[in-house]
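1. Need a 3D model of the following:
(one chain, ligands or ions: 1)
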Amino acid sequence: MSSDDLAQHDALQADDKLMAQVVSRRTFLKATLGLFAAGWVSMMVYPFFRYLTSSVKLSGAEEVTSVSLGGAETLAPGTGKNFQFGSKPALIVRDTDGTFHAYDAMCTHLGCTVQFKDAKDGIWCACHGGKYDPSTGKNIAGPPPKPLAKLDVAVVEGNIIVSKPGVTLSNKAVES
Ligand code: FES
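-> From the prediction side, this is the model:
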């Protein structure tokens, strides 16, 4: 084999290696883009799915008008917790001054469940970073277009009672 043949052979091998690297980079890029696209689609579709499924109401199911959450001392000032109001997610927050506020916990953007994060960040939606004021339920940041729907809160004989607005205590069928 002449030196020209050897040089040509080496050049061909180098081309093959380069081609293999290009193909593997291309494959890696395609796989990465595919994963990114799948994640993005899931992120967009999931809140919409939750929005559609959370509004389903079983006909004949008894409508809950009030829920007892137990003793007022179980929720420290400056904290909050999620609970079920019948079939719907709800949220109660206690201000640092001791005042209670309760809301329908369905985000007004696409229906994800919101939660109380802390005194600084207030009520937060993990789906797209929406934020609400814990004392008023007003939408204050992110995509939510309107405030959270309010629920009434009363402390009756030391127990926190959350009810639908306009439901008087004498008519309440309290579910605990
Ligand atoms: S569902 Fe989008 S911010 Fe809550």
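
2. What count of nearby residues applies to residue 84?
-> Neighbours of residue 84 under the rule other CB atoms under 10 Å: 12. (C-beta placed from N, C-alpha, C; glycine too.)

3. If I look at it, what pLDDT would I see?
-> pLDDT, residue 84: 96.

4. And it, how close does it get to the ligand?
-> 19 Å (CB to the nearest ligand atom, to the nearest Å).

5. pretty sure that residue belongs to a strand, no?
-> Yes. Counting by DSSP: H, G, I helix; E, B strand; the rest coil, residue 84 is part of a strand.

6. For the spatially closest residue to it that is not a sequence neighbour, grab the count of nearby residues.
-> The shortest distance from residue 84 to any non-neighbouring residue, by CB to CB, 6 or more residues apart in numbering, is to residue 90 (6.9 Å). Residue 90: 22 surrounding residues under other CB under 10 Å.

7. Tell me which residues touch residue 90, please.
-> 67, 82, 83, 84, 102, 103, 104, 105, 151, 162 (CB atoms under 8 Å, 6 or more residues apart in numbering).

8. tell me which of the residues you listed is nearest to the ligand?
-> residue 105 (10.6 Å; CB to the nearest ligand atom).

9. And residue 145, which helix or strand is it part of?
-> Counting by DSSP states H and E, no helix or strand carries residue 145.

10. I'd say it and residue 109 touch.
-> Yes. Under the criterion of CB atoms under 8 Å, residue 145 makes contact with residue 109 at 6.8 Å.

11. Who has more neighbours out of those two?
-> Applying other CB under 10 Å to residue 145 and residue 109 shows that residue 109 carries more neighbours, namely 20 against 8.

12. Phi, psi for that one please.
-> The phi/psi pair for residue 109 (degrees, to the nearest 10) reads phi -80, psi -80.

13. show me the contacts for it.
-> Residue 109 is in contact with 47, 125, 127, 128, 130, 142, 143, 144, 145, counting by CB under 8 Å, 6+ apart.

14. at 7 Å what do you get?
-> Each residue near residue 109 by CB atoms under 7 Å, 6 or more residues apart in numbering is listed here: 125, 128, 130, 143, 144, 145.

15. And for stretch 130-141, what's in contact with it?
-> Stretch 130-141 has contacts (CB under 7 Å, 6+ apart) with 80, 93, 95, 101, 103, 107-109, 114, 116, 121-124, 142-148, 150.
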